[in-house]
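# Sequence plus the predicted model coming up.
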Amino acid sequence: MAIALVQILNTIASLALISVGLAIIFGMMKVMNFAHGELLMLGAYSVQTAYSNGVNLWIAMFVIAPIFVGIVGILIELLVIRHLYGRMMDTLLATWGISLFITGLITMIFGNVTQGISTPLGFYEIGGIRDSAYKFLIIGVTVVLFAGIWIVLKKTRMGLIARATMNNPGQVSVLGVNPRVVYTVTFAAGAAISGLAGAVLAPVTGVVPTMGAAYIGKAFITVICGGDAIFAGTAIASVLFGSINQVTTIVSTAEFGEVALLIGALLMLRVLPKGISSLVSNRAV
Amino acid sequence: MTQFSRRSLLRMTGAAATVLAAPAVLTRRAWASDAIEVGSLHDSSGSHSIYGKEMNDAIQLAVEEINAGGGVMGRQLNLTTFDTGSNMQNYAQFAQRLVTSQNADVVFGGVSSASREVIRPIFNRYKTLYFYDTFYEGGVCDKNTFVMAETPAQMIGPALEKVVKENNVKTIYSMWADYNYGHICSTWLEKFAQELGATVVAKEFFPLDVTDFSATITKIQNESPDLVVSGLVGGNHIGFYRQWPAAGMLGQIPLHCNVFGPWEKNLLQAEEIEGLTASYHYFQGIDTPANEAFLKKWAAKFGEDHDEIGTLAVCSYNAINIWKKAVEQAETLDRDALVEALETGISFDGPGGTMQVDPQTHHAIMSTVVAEVRDGKFEIIQRNEDVKPLDTSAVCDLIANPNQSTQYQP
Amino acid sequence: MNRSLTIQLGLVAIVGGLLVLILPSYLGIDRVLQLTLNFAFSVLALSLAFLWGYAGVFSFGQAAFFGVGAYAYAAAAINFGDSTWAVPIAILTPVLLSVLLGYFMFYARLTSIYVAVITLVVTLIIYKFMGQTAKPSYMIGNASLGGYNGIPAIPPLNVPGRIDLWAGPVEMFRIAGGVLLAVYIGLRLLLVSRLGRVLVGMRENELRMELMGFDTRLLKVVAFAISAAIAGLGGVLFANWNAFIDPHVFNLAFAAQPIIWVIIGGLGTLTGPILGTVVLSTLSLELGTQKMLDVNLVLGAIFTIFVLLVPQGIIPSIRAFLENRRAGAANKPGVAHE
């Protein structure tokens, strides 16, 4: 039972982790980032490349991956997204193009087969049943990350400016803040967090150029169902869908776990068409 | 907003024209008109490229080798290669192009079973001899098609016997990719297990995009079987081979893999897969002079540091050589004459051992090996000669009933 | 309907019809096949071009209607052994789905972004569902759904009631070409009808139409159903094209394709999406014949650069360019009208 609980928490945390970078970019900038899966993939590749070149695993995971993918995010924003604000469907096409481009580029550089990283931290055992201890790290990272995002958005001047910009960019620029800089920083932050997520998940999965595709659908559903409040919405949606998925998988099989998640999402959008955020107060972030 | 300008249009159309023109330049080689047209259809990009690339390379190597040796019946081979990009529409269109504008005399290709079923009818319609060289779920029974690769009986049968006897297995937990291949193989596993006195206590199916296997790893421990058989497939399912050792399960229960070649192995670290067993016609670790010579040729073409190759490369390489022998025996490229020649049971001693055409099923009777991963390498622990495609021969007899073009399901 | 439109559409019908009839004699069979696929995809593109470009409803789910149409055709044709009733079934099934889904979404007055995502989620659910139907127990009558491997050997279209008279590749080319022409002309006529004008009015200003007494919820469901019927028809052509259907038509990559075709060709036009379909399908196929560059790399670069340089899409940009030339220096940014 305790192991089942850890597994459910792990599924929730993984879902929150793959979604939150997208939530920041979508929630704050209204950019549908279809290259999100590829940002996760780049995070996985950067930790794996740094690690195989002798960098300490934790430095590769928590420093190099987010910084590298954050820089990629800045490049994408400056070269492409910047020219497309307010044209949501065009950003969809452009980021779709970027996603294909990155997949192709990584395939050309690394080939189709890359030796991933084995899962660190060993295992724990309860009642004769063993499970990977790395799950605690995933859960821990997610909790710290969400706490960090909440503090930044709610308690810092930077977060205030960011929230103000998404509400009314014109007014913010009157106050002497350049909204373009805010957008670039926000996109870079979303990308860096996605890079971190990809890096943290790399040691439990296969690292291949097409791995982004396995995550993008789930991430989108989580974020959209979460609604406008990036923090509360994504958190609650992850808890809901993560539990549905993992509980179904435990009591039946993985085939139904995935379907259950999607049906849950569909029913929820019927009941709460504006996403989960409509339940929480409009001061939530 | 970007204002449309004439220059940007010119730039765009110019770029598009260059891209479109390039392939025409590449494919229209000025071969003498008496060259034999050979087609190759494999996924070099997209999700199936981890399997398709070495097949593509093997065909290329074999064609160069044959041409250097004077060709077939004194005629050079002209190879046309298309990257099908793991996309079924591309398969159909390129197959059509091979049989019409390229006038292909023979085609080697198809990676997934779905892709084979897309192109097989096209080659039938145009009477173009077709070779499929990927291990698959068995049952294809088609006068025009030759399958020079393993079926479930060949992969599961002898290997399961070895693993079951060695570990004194009574109970088996099996897990499979949720598509035809997995479902059909799971049935064969049950049959072979029963013959060996073991029981399959669970069979679980996983959609191809599942990446988290922790619930199953717990279920396996609750069930505590003597053996776990995995028929998981593709990049996402690699997660299982990573999460199994992470949960401290490696070495606790023996793990036999139904689909585990260098393509999967090279995605993982040596310590994650120590002791796993798998079985195919070929592993790079086979220690014979024939294999040594083959690997030397491979390294000369693709570099000393080439990716480890597997049974897919060698089956493709064998297939084209078997075809060559058939042409030399029939002394014609006529499809019916070639089928007849192949049905005399042509055999080829390839890098992995002997592969012989089984006239009745158009499949291959072949040697297989069981390998165990030790220090990140496949070590051969057993050799089996003349393993027959029993699953397919049970349902398919193309000598008695030649007018067939179907795939039997068990 | 005014006279110039009658003449224009008449010309389209005659010239297009002639081309469809004579082209197969001049083209190689592989080109015929390739164009047939382009026609089927163009019908899919038109379904979105109408729904999004004229009714102002963006849907991620046109591929789902396309795929459901193809699967329905496959199941019906295999069971009946005759395409006579399979075609109407293949059009009605996606229409039913769209009415259900449309009622769900539009009567809840969901905003466009949620409509986009719900249609995407539904598409992905169908993808997951069809993907896990490999078990032999998933049968519709005699048709096994086949999971990821799909349904092979789908019976081709035949003359109604005559299964011995079935369509080969050249006939399929003519049928697909004819269907595309019919859908194009049908949509042009629809757009000048009262319903069409009301739909465009709704795209321009939904509130105004409500105040004028139109039920925009119902209008959206109707537009959604029409687009589903067109997409389903495209699915029939696709299932016939290579006698094969598999669940990849429901995956994210495929679902994004019609959107890309419409954006590249030009939103708010009908010819643009057809052009976008033909250009991009040809491009992605031809890229597979070269070995220097990864296909995805090239396609990705083209999409991205295109959005930045030709934001309105091909057809509106060409129109604007021609208008600018005609108007000399007095240029106005061109707006697409058809």
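Looks like it arrived, so ask away. Numbers count the residues shown, from 1 in each chain, chains lettered A, B, ... in the order given.

# From now on I want contacts and neighbour counts done on CA atoms only, so please keep to that.
Noted.

# who touches stretch C:120-130?
A:217, A:221, A:258-259, A:262-263, A:265-266, B:207, C:59-61, C:63-64, C:145, C:147-148, C:247-252, C:255 (Cα atoms under 8 Å, 6 or more residues apart in numbering or on different chains).

# go again using 6 Å as the cut-off
For stretch C:120-130, the external contacting residues (Cα atoms under 6 Å, 6 or more residues apart in numbering or on different chains) are C:60-61, C:64, C:147, C:247, C:250-251.

# how about CSV for those residues, with secondary structure added?
Formatted as CSV, the contacts of stretch C:120-130 follow (DSSP: H, G, I helix; E, B strand; the rest coil):
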residue, secondary structure
C:60, coil
C:61, coil
C:64, helix
C:147, helix
C:247, helix
C:250, helix
C:251, coil
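
# Farthest pair within those?
Taking Cα to Cα as the measure, those span a maximum distance of 22.6 Å, between C:60 and C:147.

# which of the contacts of stretch C:120-130 tops the neighbour count?
Using other Cα atoms under 10 Å in any protein chain shown as the neighbour criterion, residue C:64 leads the contacts of stretch C:120-130 with 31 neighbours.

# so who does it touch?
Neighbouring residues of residue C:64 by Cα under 6 Å, 6+ apart: C:123, C:250.

# Please apply the same query to the one 10 residues further on.
When contacts are counted by Cα under 6 Å, 6+ apart, residue C:74 touches residue C:154.

# run the last query once more with 10 Å
Residue C:74 makes contacts with C:68, C:80-81, C:83, C:86-87, C:90, C:140, C:143-145, C:151-156, C:235-236, C:239-240, C:243-245, as judged by Cα atoms under 10 Å, 6 or more residues apart in numbering or on different chains.

# just to revisit the earlier point, pLDDT added to the contacts of stretch C:120-130, as CSV?
Formatted as CSV, the contacts of stretch C:120-130 follow (pLDDT from 0 to 100):
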residue, pLDDT
C:60, 89
C:61, 91
C:64, 96
C:147, 85
C:247, 90
C:250, 90
C:251, 84
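
# so how many other residues sit close to residue C:142?
Using other Cα under 10 Å, residue C:142 is surrounded by 11 other residues.

# what does the one 10 residues further on give?
A count of neighbours around residue C:152, defined by other Cα under 10 Å, yields 20.

# Surely residue A:18 and residue A:201 touch.
Yes. The pair residue A:18 / residue A:201 is scored as a contact, 8.8 Å apart, by Cα atoms under 10 Å.

# what about the two, which has more around it?
residue A:18 (30 against 24).

# Narrow the contacts of residue C:74 to those that are buried.
Neighbour-count burial (16 or more other Cα atoms under 10 Å in any protein chain shown) is assigned, among the contacts of residue C:74, to C:68, C:81, C:83, C:86-87, C:90, C:143-145, C:151-156, C:235-236, C:239-240, C:243-245.

# So which of the contacts of residue C:74 belong to helices?
Among the contacts of residue C:74, the members falling in helices (DSSP state H) are C:68, C:80, C:86-87, C:90, C:235-236, C:239-240.

# Just checking, which of the residues you listed comes out lowest on pLDDT?
Lowest pLDDT of those: residue C:80, 88.

# For that one, which non-adjacent residue is spatially closest?
Closest residue to residue C:80 apart from its sequence neighbours, by Cα to Cα, 6 or more residues apart in numbering or on different chains: residue C:86 at 7.7 Å.

# Work out the gap between the longest helix anywhere in chain A and the centre of the chain.
With secondary structure taken from DSSP H, chain A has its longest helix at helix A:2-29. How far helix A:2-29 lies from its chain's middle: 7 Å, per Cα atoms, centre = their mean, to the nearest Å.
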